[in-house]
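Q: How does the following fold in three dimensions:
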Amino acid sequence: MPLWPVYTGASNPHDKITEMPPPPPWRAFDGGPVLDPPDEDADIGATSPDRTHRAATYQATQHTVQLVNAALYLRRPLLVTGPPGTGKSSLVYAVARELRLGPVLRWNITSRSTLHDGLYTYDPLSRLYAARHTAEEHEGPAAGTGVENHLRLGPLGTALLPYARPRALLIDEIDKSDLDLPNDLLNVLEEGQYEIPELVRASRQAPDWRAEVMVDGTDQRVPVERGRVRCKAFPFVVLTSNGEREFPPAFLRRCVALRLRQPDDDHLAEIVRAHLGEPDAYARQLIDRFLSRVGSGDLATDQLLNAIYLAHNSDLGAGSLDELAEQLMPYLGQAPQPDAF
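A: Numbering: from 1, shown residues only. Take a look at the predicted model:
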C-alpha cells in the first residue's frame, strides 16, 4: 500500500521516508558507493537555533503538504514562489526536520552565481603553494598536494552524492541569478550527476584511483570514483523565487511548482501560536489590522510577529503600541493606500 503523505506537516520527526515507493523509472538513480546520512549536528551552521526554531514552528497548509509530497514521490525539484515573508525558505527546514534528512544544504544565489559554484570549488593557487612549501621542507615528493586536497564540493555537489536517503537542498532566490543559471541547472537536476574535470584528469593516471574530497558545510571527506558523482536517492531540492522573473518552459516543466500566498486569519493565528503562544486580544487586533492592509501593498508575516512580540514584552500603552505597530509594518512593495491604522 503506497504511503501518502510521507511529509505530513506535523512537527514530529519520523523515518517514513524509507518506506516510500520506488521512483518512476525515468527518475531512478544508481550512484555509489552508497553513503550513510550525515548526523543532524554535522553542520553547526545548518542547525543554528534560529533555523531549528523555524523548522519546528513552520505551519504548512494542506496545499503545501500535497505538493511537497508530489516532489518527493516524483523525485523532482520544488519551485516555491510567493511574496516575501510567506515561509518559502523555512519550508525546506521543516521537511528536513520531519523526515530526518540531516542538515539542510543552502546555496544563496546572487547575480554572479554559476553552476560551477554550486557543484564544487577548486583552488589551484593553494595547491601550488602547498607543493612549493612541502618540497622546500622535505626536499622530496610533495605529500598532501593532490588535487583532491584543494577541492571542496558545493551545496549542489554535496546534495547529489550517493546518500542512502535524500539530502535537503535550498537554492535560495533563484530569480536573482543571471539568465543562464536556470538553463545550466537543467541537465544536472535531470540526470542527477556531474563530473569534476580536475579529478577525471587525475584518474587517467590510475583507473582505479578514488579521491577523498571534502563536502559542503563540514570537513568530512567522501569517496569520488574517477571524478564522477551520481546520486542514489535524489535530493529534496527547494528553489525559492519572489516571482520577479519568468523562467524557461524547459526549466518549469522539470519542477513541481508551489505558489505560497499570504495566510488568512486562521492560518495567521496558527503561525502566531506556534511562535509566540496563544494570541491575546491585542494580538488578534494586530492580526486583523495586518490582514486589512495586505491588499494595499506587500507585507511579511515576520513584521506581524515582531509587532506582537514587542506588545507582549513592553509596558507601552495602547496608543504607543499602535504607533509602534505601524512603524514595524511598513509596506515592502508598491506604494500603500491611505493608512489603515
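Q: CA only for contacts and neighbour counts going forward, please
A: OK.
Q: all strands in the stretch 201-341 of the chain, in order from the N-terminus.
A: All strands of the stretch 201-341 of the chain, identified by DSSP state E, counting those that start in this stretch, fall at 210-214, 221-225, 228-230, 236-241, 256-259.
Q: out of these, nearest to residue 7?
A: Taking Cα to Cα as the criterion, strand 236-241 is the member of the strands of the stretch 201-341 of the chain that comes nearest to residue 7, at 11.7 Å.
Q: could you say what helices and strands the closest one packs with?
A: Under the contact definition 3 or more Cα pairs under 8 Å, 6 or more residues apart in numbering; DSSP states H and E, strand 236-241 sits against strand 78-81, helix 88-99, strand 168-172.
Q: I'd like these laid out as CSV, including distance to residue 52, mean neighbour count and mean pLDDT.
A: Below are the helices and strands packed on strand 236-241 laid out as CSV (distance: least, Cα to Cα, whole Å; neighbours: other Cα atoms under 10 Å; pLDDT from 0 to 100):
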stretch, distance to residue 52, mean neighbour count, mean pLDDT
strand 78-81, 20, 24, 97
helix 88-99, 8, 24, 96
strand 168-172, 14, 24, 97
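Q: Let me have the ones you listed in a markdown table, extended by distance to residue 62.
A: Shown next, in a markdown table, are the helices and strands packed on strand 236-241 (distance: least, Cα to Cα, whole Å):
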| stretch | distance to residue 62 |
| --- | --- |
| strand 78-81 | 15 |
| helix 88-99 | 13 |
| strand 168-172 | 21 |
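Q: Using neighbour counts, pick out the buried residues of the helix or strand encompassing residue 63.
A: Taking DSSP states H and E as the definition, one finds residue 63 inside helix 62-74. Of all the residues in helix 62-74, those buried under the rule 16 or more other Cα atoms under 10 Å are 64-74.
Q: quick check: mean pLDDT across it?
A: Per-residue pLDDT values over helix 62-74 give a mean of 96.
Q: who touches it?
A: Defining contact as Cα atoms under 8 Å, 6 or more residues apart in numbering, one finds that helix 62-74 is touched by 4-9, 20-21, 23-24, 27, 77-78, 236, 255-258, 260.
Q: Quick check on those: which are buried?
A: 5-9, 27, 77-78, 236, 255-258, 260.
Q: out of these, which one sits closest to residue 276?
A: For the buried ones among the contacts of helix 62-74, the minimum distance to residue 276 (Cα to Cα) is 18.9 Å, reached by residue 9.
Q: picking up where we left off before, pick the most deeply packed of the strands of the stretch 201-341 of the chain.
A: Looking across those with neighbours counted as mean count of other Cα atoms under 10 Å, the highest average goes to strand 236-241: a mean of 24.
Q: now that one: how far from the chain's centre is it?
A: Here strand 236-241 shows a centroid-to-chain-centroid distance of 6 Å under the convention Cα atoms, centre = their mean, to the nearest Å.
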